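1. Provided below are the primary sequence and the corresponding predicted coordinates.
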Amino acid sequence: MDESVRDYEIKPVIQEVLTKEDIKYQLQKMGIKKGMSVLVHADLDNIGYLSNGPQTVIDALIDAVGYDGTIVMPTFTLDMVDPCCRKDVHIDCESWEYIRDSMKPFDRRLSCSGSDELVSQFLRNEAVARSYHPLYSFAAWGKYAKVICDRHPLHFSLSKESPLGRLFELNGFVLLLGCSYAECVMFHMARYDTGQLPIRIACCPVNINGKADWKDLLDLDFDNTGYDMVGKIMEEREIVKMCAMGEGLCRFFSGRQAVTLAKAYYNLKKKEFVL
């Protein structure tokens, strides 16, 4: 068989195309309204084919919350951590110094945030603010973008003093587009008050007078074990609104309720462990 014919035959068939209006309709159906502050996590591979790509999702979100609302996304750059601290990949110790010498300090405008297409596209939009943290930055657009991103402590980066804390104070919401509860960083904030996770040191480069200065940062050794269970409990209590979008399942819920329930869940688990 001709190679070109074989390649053509195995290409996946696009079953559904999503436009901005399609996405906006589903967002509003879940309860997203003008003036809301929404923390967005997404796996676009599970959503399906997007007309005009990731910007379609961003435009739909902007239309849904309006100019009095705020859109927030995690823009984490965890690959900026010292190579000796990496958990996701093994780097030969002989290369550590070479990597350290070549790494540039965190830059709000230029530092990439992995392979997340939606986040990368979001950062290209006008009037998007970004917090300053070399590992756990957040980007935001809208009315409270600067309020959310203005202060971000280097130590204990996802605590109530972080952009997550500002979102909590604003009674913000969480939107999971085609991804699971395991991706929800709002649950991370709840872990600070449970005293169950060990503290770790992560070294990364920060910008001091235009040069990279390696700093030791204190934070929790995050573990998302139990996040899916917390999500299941929220669903049982009917505080999560869900809908199908393309090929994926989307969830929408209150950030405050998520943090409150997660704290209760982990504190209960702590008591069970002690007993």
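-> Thanks, I have it. Numbers count the residues shown, from 1 in each chain.
2. what about residue 148, which SS state?
-> Assigned with DSSP: H, G, I helix; E, B strand; the rest coil, residue 148 falls in the helix class.
3. who touches it in this structure?
-> 37, 70, 72, 129, 131, 138, 140, 163, 166-167, 170 (CB atoms under 8 Å, 6 or more residues apart in numbering). All C-beta atoms are positioned from the backbone trio N, CA, C, and that covers glycine.
4. distance check, it against residue 223.
-> 25 Å (CB to CB, to the nearest Å).
5. follow-up on the earlier one: among the contacts of residue 148, which are in helices?
-> Of the contacts of residue 148, the ones assigned to helices by DSSP state H are 163, 166-167.
6. quick one: contacts for the residue lying closest to residue 189 once chain neighbours are set aside?
-> Leaving out its chain neighbours, the residue that sits closest to residue 189 by CB to CB, 6 or more residues apart in numbering is residue 164, at 4.6 Å. Shown in contact with residue 164 (CB under 8 Å, 6+ apart): 39, 138, 158, 185-186, 188-189, 255.
7. try 7 Å this time
-> 158, 185-186, 189 (CB atoms under 7 Å, 6 or more residues apart in numbering).
8. for it, give its distance to residue 125.
-> 21 Å.
9. tell me which other helices or strands the helix or strand harbouring residue 97 touches.
-> Per DSSP states H and E: residue 97 is located in helix 96-102. Helix 96-102 is packed against no helix or strand, with contacts defined by 3 or more CB pairs under 7 Å, 6 or more residues apart in numbering; DSSP states H and E.
10. distance from the chain centre to it, please.
-> 28 Å (CA atoms, centre = their mean, to the nearest Å).
11. buried residues, the helix ranked longest in the chain. List them.
-> If you go by DSSP H, the chain has its longest helix at helix 255-274. For helix 255-274, the neighbour count (16 or more other CB atoms under 10 Å) marks 255-259, 261-263, 265-266 as buried.
12. JSON lines for the residues you listed, including pLDDT and distance to residue 23?
-> As requested, those are arranged in JSON lines below (pLDDT from 0 to 100; distance: CB to CB, whole Å):
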{"residue": "255", "pLDDT": "98", "distance to residue 23": "21"}
{"residue": "256", "pLDDT": "97", "distance to residue 23": "25"}
{"residue": "257", "pLDDT": "97", "distance to residue 23": "24"}
{"residue": "258", "pLDDT": "97", "distance to residue 23": "23"}
{"residue": "259", "pLDDT": "97", "distance to residue 23": "27"}
{"residue": "261", "pLDDT": "96", "distance to residue 23": "28"}
{"residue": "262", "pLDDT": "95", "distance to residue 23": "28"}
{"residue": "263", "pLDDT": "94", "distance to residue 23": "32"}
{"residue": "265", "pLDDT": "95", "distance to residue 23": "31"}
{"residue": "266", "pLDDT": "93", "distance to residue 23": "34"}
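13. which ones are touching the closest residue to residue 144 other than its chain neighbours?
-> Once flanking residues are discounted, residue 144 sits nearest to residue 70: 4.4 Å by CB to CB, 6+ apart. By CB under 7 Å, 6+ apart, residue 70 lies in contact with 37, 140-145, 148.
14. ok, now how distant is residue 70 from residue 57?
-> 16 Å.
15. quick one, strands of the stretch 1-150 of the chain?
-> Under the criterion DSSP state E, counting those that start in this stretch, strands of the stretch 1-150 of the chain are mapped to 17-18, 37-42, 49-50, 70-74, 128-130, 138-142.
16. for residue 90, which of these is the nearest?
-> Of all those, it is strand 70-74 that lies closest to residue 90, at 25.0 Å by CB to CB.
17. listing partners with orientation, what would you give for the closest one?
-> Paired strands of strand 70-74, with direction, are strand 37-42 (parallel), strand 138-142 (antiparallel) (DSSP bridges).
18. minimum distance to residue 174: which of those has it?
-> strand 37-42 (4.9 Å).
19. which residues touch that closest one?
-> 32, 57, 61, 65, 69-73, 118, 144, 167, 170, 172-179, 183-184, 186, 255.
20. using CSV, write out every CA atom in that strand.
-> Provided in CSV are the C-alpha atoms of strand 37-42 (Å, rounded to 0.1, in the frame of the first residue of the first chain):
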residue,chain,number,x,y,z
SER,A,37,-13.0,35.6,39.7
VAL,A,38,-12.2,32.2,38.3
LEU,A,39,-9.0,30.0,38.7
VAL,A,40,-8.7,27.9,35.5
HIS,A,41,-7.0,24.5,35.0
ALA,A,42,-7.3,22.9,31.6
